[in-house]
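Enquirer: Got a predicted structure plus its sequence, pasted below:
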Amino acid sequence: MAIKLEIPTALRPFTGKQASVEFEAATVGEALRRLTATYGDLQKHLFTEDGRIRSFVNIYVNDEDIRYLEKENTPLKSGDTISIVPSIAGGLR
Amino acid sequence: MPIQTSTLPVEAARVLSKEEIQRYSRHLIMPEVGMEGQLKLANAKVLMIGAGGLGAPLGLYLAAAGVGRLGIVEFDNVDHTNLQRQITFTTQDVGRPKAVAAQERLSAMNPTIRIDTYRTMLTSANALDLFRDWDIIVDGTDNFPTRYLVNDACVLMDKPNVYGSIFRFEGQATVFNYPGGPCYRCLYPEPPPPGLVPSCAEGGVLGVLPGIVGSIQAMETIKLILGIGEPLVGRLLRFDALAMTFKEYRLRKNPNCPICGEHRTINQLIDYEEFCGVRGEEAPVMTTGIPEVTPRDLKARLDKGDDLFIRDVREPHEVQICSLKNGHLIPLGDLPRRVSELDSAREIVAYCRSGRRSADAVDFLQRAGFRKIWNLKGGILAWSDEVDPSVPKY
């Protein structure tokens, strides 16, 4: 399935500044693995050492959080957009 | 919780004076607001946590709208670097307490409302008492421990939490803890460990970004008070300023949320610094075995003619601001790939703006086997203070 994966600002330094990338992937898990295979520096920002998605990073397929879908097994349709939304805290400084 | 200063005595709900009717005429002529809505604003009590980048537009618009009671929780003083985005302050305010300067500014714009200031850090010891008397809490803070603290206190005290956050040119906004809606922990159960969030190397912010997000927070607060429109409950609004796009994501209430879920396990405020793993990081990295050289000692060695390789670990755009003579630039992020450019037989001094990134660089190089490596303690900021005041601080 041809899908788009959007890279949040905080992680763009690790994707050569690209704001989005396009892949073929059947599930969210496959898309994320392809992403980290292409941009190795993202691995530690997105995944823990034992391969789980970090809890301060939320993954959405279109506008729905994968935690409420099928998590990494969430199937993808052509044209879907995966968004990575990490926790940000800035406000004052 | 003692109120530091307050502009007006407390009054019960009232009718609007002739002056106020004129002041708020553009509200009054809208059917969505009208006299009824304006009185709701006059009777509303909104507590703003933080009087910085987000708090500035927030406070200005809530005061302008006639929110009858505004509270400002802010312990810090105005700094020169704030003026790029904290639009409540003027150059004359540098060095003054932010809460006081903001109170003056808001009060000058609208003397009919009451503005209370709390010049204190928000902590687990004071948050519950502080929140008690207010209707709505607006989170304009800048760090994870405080955001979790604000969230938990709002849930425990049953107050909606109008949330906004920013990073560089991206912003988020939502309304947490509205009845039936999710809280911050539903969205992010755990904070990022320190060191994994982009450091000061990748920080910075376009000044106008908190202006936009803070204004969105003001808009949401006013909508909640008036009971109009669709507030961002269960919706995460994400703003990309460079692309000029707004995207929305569905936020669900987590039934297993430890504080707002069906089986609450958090019944009191905790140690948020510990929760966010910050406690162990309080001591600067420099004091845990990283060899350092002070600016004065470095200057002395350079004057003597010692052969030192000066390594600048900052980003290229920072070099344009200022740099030390004879520095060689290898940004911190590039170091793993470019370590072969360094000669471990030479003595190397690494520096950055404040000494923190360069401490990371020294740590990395030590583990890569470099032995003759030092961190410039305090970075360019300390160099400017102690050796060469002509070097600008930023």
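Expert: Looks like it came in fine. Numbers count the residues shown, from 1 in each chain, chains lettered A, B, ... in the order given.
Enquirer: List the buried residues of the helix or strand bottoming out on mean pLDDT in chain A.
Expert: Every helix and strand of chain A was ranked by mean pLDDT, DSSP states H and E. The lowest is helix A:43-46, at a mean of 85. Judged by neighbour count using 16 or more other C-beta atoms under 10 Å in any protein chain shown, the buried positions of helix A:43-46 are A:43, A:45-46. C-beta coordinates here come from the backbone N, C-alpha and C atoms, glycine included.
Enquirer: and chain A, which of its residues are near chain B?
Expert: By C-beta under 8 Å from any C-beta of the partner chain, the residues of chain A that approach chain B are A:8-10, A:13, A:19, A:44-45, A:54-56, A:58, A:60, A:63-65, A:68, A:83, A:85-93.
Enquirer: cutoff 7 Å now
Expert: Chain A has residues A:8-10, A:13, A:19, A:45, A:55-56, A:58, A:60, A:63-65, A:68, A:83, A:85, A:87-93 near chain B, with proximity defined as C-beta under 7 Å from any C-beta of the partner chain.
Enquirer: Sitting in strands, which of these do you find?
Expert: Members of the residues of chain A next to chain B lying in strands (criterion: DSSP state E): A:58, A:60, A:64-65, A:83, A:85.
Enquirer: quick check, nearest of those residues to B:Pro31?
Expert: When these are compared for distance to B:Pro31 (C-beta to C-beta), A:Glu64 wins out at 35.4 Å.
Enquirer: Verify the contact between that closest one and B:Arg250 for me.
Expert: Yes: at 5.6 Å, A:Glu64 and B:Arg250 qualify as touching, with contact defined as C-beta atoms under 7 Å.
Enquirer: Which one of the residues in chain B is closest to chain A?
Expert: Chain B approaches chain A most closely through B:Gly52 (3.1 Å), counting by C-beta to the nearest C-beta.
Enquirer: any idea how far A:Ala2 is from the residue nearest the centre of chain A?
Expert: Centroid check for chain A by C-alpha atoms, centre = their mean gives A:Ile84 as the closest residue, at 4.1 Å. Separation of A:Ile84 from A:Ala2 (C-beta to C-beta, to the nearest Å): 18 Å.
Enquirer: same thing with B:Ser390?
Expert: From B:Ser390 to A:Ala2 the distance is 56 Å (C-beta to C-beta).
Enquirer: now do B:Ala44
Expert: 49 Å.
Enquirer: near chain A, which residues of chain B show up?
Expert: Counting by C-beta under 7 Å from any C-beta, chain B sits next to chain A at B:50, B:52-54, B:140-144, B:147, B:164-170, B:172, B:187-192, B:196, B:198, B:202, B:205, B:210, B:238, B:243, B:248-250, B:252, B:333.
Enquirer: Could you identify the buried members of the residues you listed?
Expert: For those, buried by 16+ other C-beta under 10 Å: B:50, B:52-54, B:140-144, B:147, B:164-170, B:172, B:187-188, B:191-192, B:198, B:202, B:205, B:210, B:238, B:249, B:333.
Enquirer: So which of these sit within helices?
Expert: B:144, B:147, B:187, B:210 (DSSP state H).
Enquirer: Give me the spatial nearest neighbour of the first one, chain neighbours excluded.
Expert: Beyond its immediate neighbours in the sequence, the residue positioned closest to B:Phe144 (C-beta to C-beta, 6 or more residues apart in numbering or on different chains) is B:Pro191, lying 4.1 Å away.
Enquirer: Same check on B:Val362?
Expert: Take B:Val362 and drop its neighbours on the chain: the residue closest to it by C-beta to C-beta, 6+ apart is B:Asn375, 4.5 Å away.
Enquirer: give me the number of residues near that neighbour?
Expert: 27 (other C-beta atoms under 10 Å in any protein chain shown).
Enquirer: Which strands border the helix or strand where it lies, and is each parallel or antiparallel?
Expert: Assigning secondary structure by DSSP states H and E places B:Asn375 in strand B:373-376. Strand pairing for strand B:373-376, determined by DSSP bridges: strand B:292-293 (parallel), strand B:347-351 (parallel).
Enquirer: following that strand, which helix or strand shows up next?
Expert: Following strand B:373-376 toward the C-terminus (DSSP H and E): helix B:379-386.
Enquirer: tell me what that following helix is packed against?
Expert: Under the contact definition 3 or more C-beta pairs under 7 Å, 6 or more residues apart in numbering or on different chains; DSSP states H and E, helix B:379-386 sits against helix B:295-304.
Enquirer: who's in contact with the helix it packs on?
Expert: B:308, B:349, B:376, B:378, B:382-383, B:386-387 (C-beta atoms under 7 Å, 6 or more residues apart in numbering or on different chains).
Enquirer: mind listing what's buried in that helix?
Expert: Neighbour-count burial for helix B:295-304, counted by 16+ other C-beta under 10 Å, picks out B:295, B:298-299, B:301-302.
Enquirer: for the record, mean pLDDT for it?
Expert: For helix B:295-304, mean pLDDT is 89.
Enquirer: any idea of the angle that helix forms with strand B:347-351?
Expert: 140 degrees (axes from the mean of the first three to the mean of the last three C-alpha atoms, to 10 degrees).
Enquirer: next SSE after helix B:295-304?
Expert: Of the helices and strands lying after helix B:295-304 in sequence (DSSP H and E), the nearest is strand B:308-312.
Enquirer: strand partners of that following strand, parallel vs antiparallel please.
Expert: strand B:327-329 (parallel), strand B:347-351 (parallel).
Enquirer: and B:Pro189, how far is that from B:Cys260?
Expert: 12 Å.
Enquirer: repeat for B:Leu269
Expert: Applying C-beta to C-beta, the value for B:Leu269 to B:Cys260 is 14 Å.
Enquirer: swap in B:Arg367?
Expert: B:Arg367 is 43 Å from B:Cys260, by C-beta to C-beta.
Enquirer: Looking at these two, which is more packed in?
Expert: The residue with more neighbours, out of B:Arg367 and B:Cys260, is B:Cys260; 23 against 8, by other C-beta under 10 Å.
Enquirer: what's the closest non-adjacent residue to that one?
Expert: B:Cys183 is the one closest to B:Cys260 (C-beta to C-beta, 6+ apart), at 4.3 Å.
Enquirer: State the distance from the one you found to B:Arg147.
Expert: 11 Å.
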